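S.K.: A structural model of the following input is requested.
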Amino acid sequence: MTWRPAPAARAPVAAVVLAALAVAQAAAGGNAAVSTAVSTGPATATVERPQDVLVAVLLALATTAPVALAGTWPVVAALLVAAATLLGLGAQVPPTVGGLLALGTVYAVVGLRHRVRTVLVLVAPFVAALALPVENVSATVVVLGVALLAAVGGIAWRVRDEGRRRDAVVEAAHESTLEHLARGERARIARELHDVVAHHVSLIALQAEAARLTVPGMPPEGEKRLLAIGGTARTALAEMRRLLGVLREDADGADVTTRRPQPGLAQLTELLDEVRDAGPGGARLVVRGKVAPLDQSIEVSAYRIVQEALTNARRHAPGASVDVELDYRPDRLVVRVRDNGPGPTAVDGTLGPDALGPSDVGHGLAGMRERAAMAGGTVRTGPGPLGGFLVSAELPVPGSP
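M.R.: Here you go, the predicted model:
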């Protein structure tokens, strides 16, 4: 729990209490006892004459009343208390207990709220008073000690309070960083699960179905087993999509830009071979432009976009032929994946320039767009110019003019 200065409304109450204590002591001549306690010489500074009592009472009020301003103007209050205290020392009237408490209060508030140089300026008059030819030097030393200790206490409290707030800010920033990293890791795991594991599980289901339909004379038990394999693969794929939905929901808004090394464009031929072996329908790779090695992040993004587009083509247009085109341009890489299947179907019978097709089911399109966006590119999906479905991605080449 952090201490805070009392509200300004409480300062007048404290001033009244301290004034009453100081006036009572001054009127009773009690400040003479203070003089005797701190004096190194004879205790001659007693208060006996009526005018002396009146002066002592007025000084007692002058050293305590400014406490009422400590809540709003602590420096002004400290200056008034210091001036009244020094005036009393010059008149050989020692401070009262209430006056010393008032001095300590305002100097503690100044140390708590203001810089060290302000405190030094306010303490300097008491240091200078030691050089004055006053009779009771010990009283001046006591006043200086009270002011200095109170100011140092206020400064120490402020430093501790600032340290606690700084530690709280650092801890909050550390927790925010850990949460950011955790969100990014969940997003990366979700993307890799979808791009890699889901792709292969889809191939298992397609291969099981293709084997059942293409192998002549298969025993009924074999067909049953293949049907079971395909059903299990589809169930696993559905469960994986549900898990991916949870991971993506947790990682919503995370800025994930780091990736582990993954296959690049050189592995596209292997990916197309897997697609050809999975069932009917051909897959062709078309390369245009001057082939050149690209940044690893661009190749990873292009590979995963092609992989997801092929998976969607096999899932929603089984048996269709697929063309994968890589167009190397000076400033960007254009990736197109088109099939000759039925193409997207609009709900209202119309198709826009960026119409969404069946590949929008699940998280395929979201994953492709995420990868393209991280590379500074874009992805468009919709019907192909000659029918079928088209995925077109443009990825800028780093370092291009």
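S.K.: quick one: secondary structure of Gly71?
M.R.: coil (DSSP: H, G, I helix; E, B strand; the rest coil).
S.K.: return the distance of the closest residue to Ala91 other than its chain neighbours relative to Gly367.
M.R.: Of all residues not flanking Ala91 in the chain, Val55 sits nearest, at 6.7 Å (Cβ to Cβ, 6 or more residues apart in numbering). Placement of C-beta: from N, CA and C, glycine included. To Gly367, Val55 is 88 Å away according to Cβ to Cβ, to the nearest Å.
S.K.: higher neighbour count, those two?
M.R.: Using other Cβ atoms under 10 Å, the more surrounded residue of Val55 and Gly367 is Gly367, with 23 against 17.
S.K.: by contact count, what packs against the helix or strand that contains the more buried one?
M.R.: Here Gly367 sits within helix 364-374, counting by DSSP states H and E. Here helix 364-374 touches helix 137-192, helix 296-316, strand 378-383, strand 389-396, going by 3 or more Cβ pairs under 8 Å, 6 or more residues apart in numbering; DSSP states H and E.
S.K.: Val143 against Leu100, yeah?
M.R.: Yes. In this structure Val143 lies within contact range of Leu100 using Cβ atoms under 8 Å: 7.2 Å.
S.K.: ok so, going back, now tabulate the helices and strands packed on helix 364-374 in TSV and tack on mean neighbour count and distance to Leu213.
M.R.: Below are these laid out as TSV (neighbours: other Cβ atoms under 10 Å; distance: least, Cβ to Cβ, whole Å):
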stretch	mean neighbour count	distance to Leu213
helix 137-192	15	32
helix 296-316	23	14
strand 378-383	19	28
strand 389-396	22	23
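S.K.: one step back: only the buried residues of the helix holding Gly367, if you could.
M.R.: Gly364, Leu365, Gly367, Met368, Arg369, Glu370, Arg371, Ala372, Met374 (16 or more other Cβ atoms under 10 Å).
S.K.: could you do stretch 78-97 as well?
M.R.: 78-82, 84-86, 88-89, 93-97.
S.K.: from those, which ones fall inside helices?
M.R.: Ala78, Leu79, Leu80, Val81, Ala82, Ala84, Thr85, Leu86, Gly88, Leu89, Val97 (DSSP state H).
S.K.: from those residues, which is closest to Val306?
M.R.: If you rank these by distance to Val306 using Cβ to Cβ, Ala78 comes first, at 75.5 Å.
S.K.: give the contact list for the closest residue in space to that closest one that isn't next to it in sequence.
M.R.: Using Cβ to Cβ, 6+ apart and skipping residues adjacent in sequence, the residue nearest Ala78 is Val106, 4.4 Å away. Contact analysis of Val106 by Cβ atoms under 8 Å, 6 or more residues apart in numbering lists Pro66, Val67, Ala70, Pro74, Ala77, Ala78, Val81.
S.K.: now the residues you listed in JSON lines, with distance to Arg288?
M.R.: Below are the contacts of Val106 laid out as JSON lines (distance: Cβ to Cβ, whole Å):
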{"residue": "Pro66", "distance to Arg288": "87"}
{"residue": "Val67", "distance to Arg288": "86"}
{"residue": "Ala70", "distance to Arg288": "81"}
{"residue": "Pro74", "distance to Arg288": "77"}
{"residue": "Ala77", "distance to Arg288": "82"}
{"residue": "Ala78", "distance to Arg288": "82"}
{"residue": "Val81", "distance to Arg288": "87"}
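S.K.: hmm, which of the residues you listed is lowest in pLDDT?
M.R.: Checked by pLDDT, the contacts of Val106 have Ala70 as the lowest-scoring entry (80).
S.K.: what about that one, how many neighbours?
M.R.: By other Cβ under 10 Å, the residues close to Ala70 number 29.
S.K.: just Gly98 next, same as before
M.R.: Gly98: 25 neighbours (other Cβ under 10 Å).
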